[in-house]
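Colleague: Just to be clear, the model below is a prediction. Sequence and coordinates:
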Amino acid sequence: MADQRTAWGWGLASIDAAGTTLDVWYPKLTIGPAPSETDRPAHGFDAFVRKEADARGVRRVPVFTVSDLDAAPADAADAYLRLHLLSMRLAKPNTLNLEGIFGVLANVVWTNYGPFAIEDFALRKMDVQAAANHAVNGAPAANVEVMLVDKMPRMVDYVVPTGVRIGNADRVRLGAYLSEGTTVMHEGFVNFNAGTLGVSMVEGRISQGVVVGNGSDIGGGASIMGTLSGGGKLRNSIGEHSLLGANAGIGISLGDNCVVEAGLYVTAGTKVTVYDKAKVAAGEPLDVVKGADLSGKNNILFIRNSVSGRIEARYRKVGIALNEKLHKN
């Protein structure tokens, strides 16, 4: 983002009957000082604007938003702008002030007909289905399908990054940062303000605040503790060419060329025996450290010794290599 800490753009906001902003869609955003009111470009939303409420009870109005990226989000429009910046790859995770973002976002019913307010959803659902069924005589009955109830929508309904594959769109939130070459399999999950910094395979969960380096693989059912999942303000990450095995988990960071074996969970307080061939040969005791002492270090293989049951850290010379053809998206 260079040295500029301001972003701006025209968005199309959905406003419910109570005046609450349900969502804002920004097709294009710009990093840098905002133009004056007389120099602003046209919003281009003319065909989509609805000054009167539709059957959902929702109006759609253009909003011009200027965001001070170092200050906390001022309102829902500001929050949505920041989430778009992340998914558009205009800002990397952990570079924007997102403090208090949940407090400025409404909890919304997300459907195939767009966002609904929760309070009168059942009645509005009937209105929408009646309007849709009367619009085309003889067509199959229309139905409002609820995809999720949450404060943040699916990313792909607002931003579709180039060069990625996503097996289940419900499991990638708006605000996820997915680099080209990323594949998110059907059970993979990427939260907002989190994601991949290069070619990656995601079959597990990438929590808020977590970033995964180029050439790394998050195995099926694996998880990385983030700032919303018990990690407090600690920001964990995975370096390049590392593997978090199936059903494994970490509450520490991995450096480059690391592996955590399948099913092993390593937290900051986990007792880890540092395996040293020279000490073993000399009959000397091995060092035992906390997981936090190894956080972010390169070339480590974390395993559970199947004989003693202890968790060991062993030296690993090289990292993993992903299938290049699989990640040409």
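Modeller: Perfect, thanks for sending it.

Colleague: which intervals of the stretch 201-329 of the chain have sub-threshold pLDDT?
Modeller: Counting by pLDDT under 70, the low-confidence segments of the stretch 201-329 of the chain come to 227-233, 325.

Colleague: all strands for it, in order.
Modeller: 205-206, 211-212, 216-218, 223-224, 237-238, 243-244, 249-250, 259-260, 265-266, 271-274, 287-290, 300-304, 311-315 (DSSP state E, counting those that start in this stretch).

Colleague: Mind putting these into a markdown table with mean neighbour count and distance to residue 114?
Modeller: Using the backbone N, CA and C atoms, a C-beta is placed for each residue, glycine as well. Below are the strands of the stretch 201-329 of the chain laid out as a markdown table (neighbours: other CB atoms under 10 Å; distance: least, CB to CB, whole Å):
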| stretch | mean neighbour count | distance to residue 114 |
| --- | --- | --- |
| strand 205-206 | 26 | 27 |
| strand 211-212 | 26 | 31 |
| strand 216-218 | 28 | 32 |
| strand 223-224 | 24 | 32 |
| strand 237-238 | 26 | 35 |
| strand 243-244 | 28 | 36 |
| strand 249-250 | 22 | 36 |
| strand 259-260 | 24 | 41 |
| strand 265-266 | 22 | 40 |
| strand 271-274 | 16 | 49 |
| strand 287-290 | 13 | 49 |
| strand 300-304 | 20 | 45 |
| strand 311-315 | 18 | 49 |
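
Colleague: In TSV: these, plus distance to residue 186.
Modeller: Supplementary listing: the strands of the stretch 201-329 of the chain in TSV, determined by distance: least, CB to CB, whole Å:
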stretch	distance to residue 186
strand 205-206	13
strand 211-212	18
strand 216-218	13
strand 223-224	16
strand 237-238	21
strand 243-244	18
strand 249-250	19
strand 259-260	22
strand 265-266	23
strand 271-274	33
strand 287-290	35
strand 300-304	26
strand 311-315	30
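
Colleague: Out of these, the one nearest residue 127 is which?
Modeller: strand 205-206 (37.4 Å; CB to CB).

Colleague: what are the pairing partners of that closest one, and which direction each?
Modeller: Note on strand 205-206: by DSSP bridges, its sheet partners are strand 189-190 (parallel), strand 223-224 (parallel).

Colleague: Export those strands as JSON lines, with columns for distance to residue 104.
Modeller: Formatted as JSON lines, these follow (distance: least, CB to CB, whole Å):
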{"stretch": "strand 189-190", "distance to residue 104": "22"}
{"stretch": "strand 223-224", "distance to residue 104": "26"}
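
Colleague: Nearest to residue 140, out of these?
Modeller: Closest among these, once you apply CB to CB, is strand 189-190, at 32.9 Å.

Colleague: quick one: residue 212 from residue 241, how far?
Modeller: Taking CB to CB, to the nearest Å as the measure, residue 212 falls 11 Å from residue 241.

Colleague: Look up how far residue 19 lies from residue 91.
Modeller: 29 Å.

Colleague: try residue 141
Modeller: From residue 141 to residue 19 the distance is 32 Å (CB to CB).

Colleague: Span of stretch 295-311 from start to end?
Modeller: 15 Å (CA to CA, to the nearest Å).

Colleague: Please give the centre-to-centre distance between that stretch and its chain.
Modeller: A distance of 28 Å separates the centroid of the chain from that of stretch 295-311, by CA atoms, centre = their mean, to the nearest Å.

Colleague: Same question for stretch 194-202.
Modeller: With CA atoms, centre = their mean, you get 10 Å for stretch 194-202.

Colleague: go on, stretch 271-287?
Modeller: 40 Å.

Colleague: ends of it, how far apart?
Modeller: 10 Å.

Colleague: just to revisit the earlier point, comparing residue 91 and residue 19, which residue is more hemmed in?
Modeller: Taking other CB atoms under 10 Å, residue 91 and residue 19 do not tie; residue 91 has more neighbours (21 against 7).

Colleague: Work out for me the element the more buried one sits within.
Modeller: Counting by DSSP states H and E, there is no helix or strand that carries residue 91.

Colleague: Hmm, it is touching residue 85, no?
Modeller: Yes: at 4.2 Å, residue 91 and residue 85 qualify as touching, with contact defined as CB atoms under 8 Å.

Colleague: any common contacting residues for the two?
Modeller: 7, 31, 69 (CB atoms under 8 Å, 6 or more residues apart in numbering).

Colleague: Next, count neighbours for the first one.
Modeller: Same thing as residue 7. 26.

Colleague: Helix or strand: which one has it?
Modeller: Going by DSSP H and E, residue 7 is in strand 6-15.

Colleague: mean confidence for that strand?
Modeller: If you average the pLDDT over strand 6-15, you get 98.

Colleague: What of stretch 104-121?
Modeller: pLDDT averaged over stretch 104-121 gives 97.

Colleague: If you count neighbours, what's buried in that stretch?
Modeller: 104-105, 108-111, 113-117, 121 (16 or more other CB atoms under 10 Å).
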